[in-house]
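Asks: Here is a sequence with its predicted model. Questions after.
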Amino acid sequence: MKKILLMVAAVAFFGTFNANAQEVAAKTKIEKKAKKAKAEALPKVDGVGMVFENETIDYGTIEQNADGKREFVLTNNGNKPLIISNAVGSCGCTVPTFPKEPIMPGQKAVIGVKYDTNRVGAFTKNVTITSNATVNPSKVLTIKGTVNAPAVKPAMDVQKS
């Protein structure tokens, strides 16, 4: 009787494990198909293309001196290498970085932006990207948000005896 119960328990355990493995495999397959469909959904360009996932980054409300680094992700949707020749911020408080090497067709790249969060208040700044793209060789990206001053802690009253 004990052997039968042990066999039933083993079958139930391995059956559950196999079902979970099949669910994970099915989910992974669905995710891969969705990713491939998204990549195929990009408009194809004959020549050099440049498509950004987002052209605006909203920092939201952040504290003064918070991390001001963000990234714009782009894809070369053309059939020739994309070369970014320059990236310029609209003021000294916005410093962009860009890849110096060619971005091959279908490849993704990152434009980094660092905003100086020492400045308190609302901001909207631009980063202009210059490239060899066939259509729109110059692209303007936007960052925006609000930097709050640190909260002032009330001074504690110290009573002397």
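Replies: Perfect, thanks for sending it.

Asks: next helix or strand past the worst-scoring helix or strand of the chain on mean pLDDT?
Replies: Least confident helix or strand, the chain: helix 2-41 with a mean of 58, by mean pLDDT, DSSP states H and E. Later in the chain than helix 2-41, the nearest helix or strand by DSSP states H and E is strand 51-52.

Asks: The nearest residue to residue 47 once chain neighbours are set aside sits in which helix or strand?
Replies: Sequence neighbours aside, residue 134 is the residue nearest to residue 47 in space, at 3.4 Å (criterion: CB to CB, 6 or more residues apart in numbering). All C-beta atoms are positioned from the backbone trio N, CA, C, and that covers glycine. If you go by DSSP H and E, residue 134 is not part of any helix or strand.

Asks: next one: residue 88
Replies: Using DSSP H and E, residue 88 sits within strand 84-89.

Asks: Counting by contacts, list what that strand packs against.
Replies: strand 94-97, strand 108-115, strand 121-131 (3 or more CB pairs under 8 Å, 6 or more residues apart in numbering; DSSP states H and E).

Asks: any chance of those in TSV, with mean neighbour count and mean pLDDT too?
Replies: As requested, these are exported to TSV (neighbours: other CB atoms under 10 Å; pLDDT from 0 to 100):
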stretch	mean neighbour count	mean pLDDT
strand 94-97	16	96
strand 108-115	18	97
strand 121-131	16	97
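
Asks: Quick check: which of these is nearest to residue 69?
Replies: Nearest to residue 69 among those is strand 108-115 (5.0 Å), distances taken as CB to CB.

Asks: can you list the residues that contact that closest one?
Replies: Applying CB atoms under 8 Å, 6 or more residues apart in numbering, the contact partners of strand 108-115 are 57, 59, 68-76, 82, 84, 87, 89, 93-99, 103, 123, 125, 127, 129, 141, 143, 145.
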